[in-house]
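# Output the structure for:
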Amino acid sequence: MMQNHERQDADNHKIEPLWERFLAGLHEFYHAPYRQTMARAARDEEDFFMLLMFAESLGIDNPASFYTLELQPLLLENFHDWHTRMGMDRCPFDHVGCC
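Numbers count the residues shown, from 1 in each chain. Predicted coordinates:
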């Protein structure tokens, strides 16, 4: 009787990893086609946020500049990637030497 119970425990341990692998595969099956789309949407959202952050410095009126001014030093390290992605070969600021 004890051996039967031990055998069921061993079978349950074999099933759990199989079930978890199945769920992981199912998750991948449904999410893989949208991964690139979601990454592109996240990048577009980040680009828009960077434009809001540095709009006042680029000469665009920004009503939220009071709130975004203190975030600029945190995002300055990503600025080079952003301005090259937006088509600006050189940095548009004289005081920022990223290029």
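
# count of residues packed around the closest residue to Phe93 other than its chain neighbours?
Ranked by Cβ to Cβ, 6 or more residues apart in numbering and with sequence neighbours excluded, the top spatial neighbour of Phe93 is Ser57, at 6.1 Å. Glycine gets a C-beta too; all of them are placed from N, C-alpha and C. Neighbouring residues of Ser57 were enumerated by other Cβ atoms under 10 Å; the total is 16.

# Same check on Leu18?
Look at Leu18: counted by other Cβ under 10 Å, it has 9 neighbours.

# can you tell me how far it sits from Tyr30?
19 Å (Cβ to Cβ, to the nearest Å).

# Check Ala41 too.
Counting by Cβ to Cβ - Ala41 and Tyr30 are separated by 17 Å.

# before we move on, the earlier item: how about the residue nearest to Phe93, what does it touch?
When contacts are counted by Cβ atoms under 8 Å, 6 or more residues apart in numbering, Ser57 touches Gln72, Pro92, Phe93.

# Among the residues you listed, which are located in helices?
Residues of the contacts of Ser57 located in helices (DSSP state H): Gln72.

# Specify which member of the contacts of Ser57 is nearest to Phe66.
Of all the contacts of Ser57, Phe66 sits closest to Gln72, with 12.0 Å by Cβ to Cβ.

# hang on, the earlier thing: make TSV from the contacts of Ser57 and add distance to Gln36, pLDDT and neighbour count to it.
What follows is these, written out as TSV (distance: Cβ to Cβ, whole Å; pLDDT from 0 to 100; neighbours: other Cβ atoms under 10 Å):
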residue	distance to Gln36	pLDDT	neighbour count
Gln72	30	78	16
Pro92	30	72	13
Phe93	32	71	14
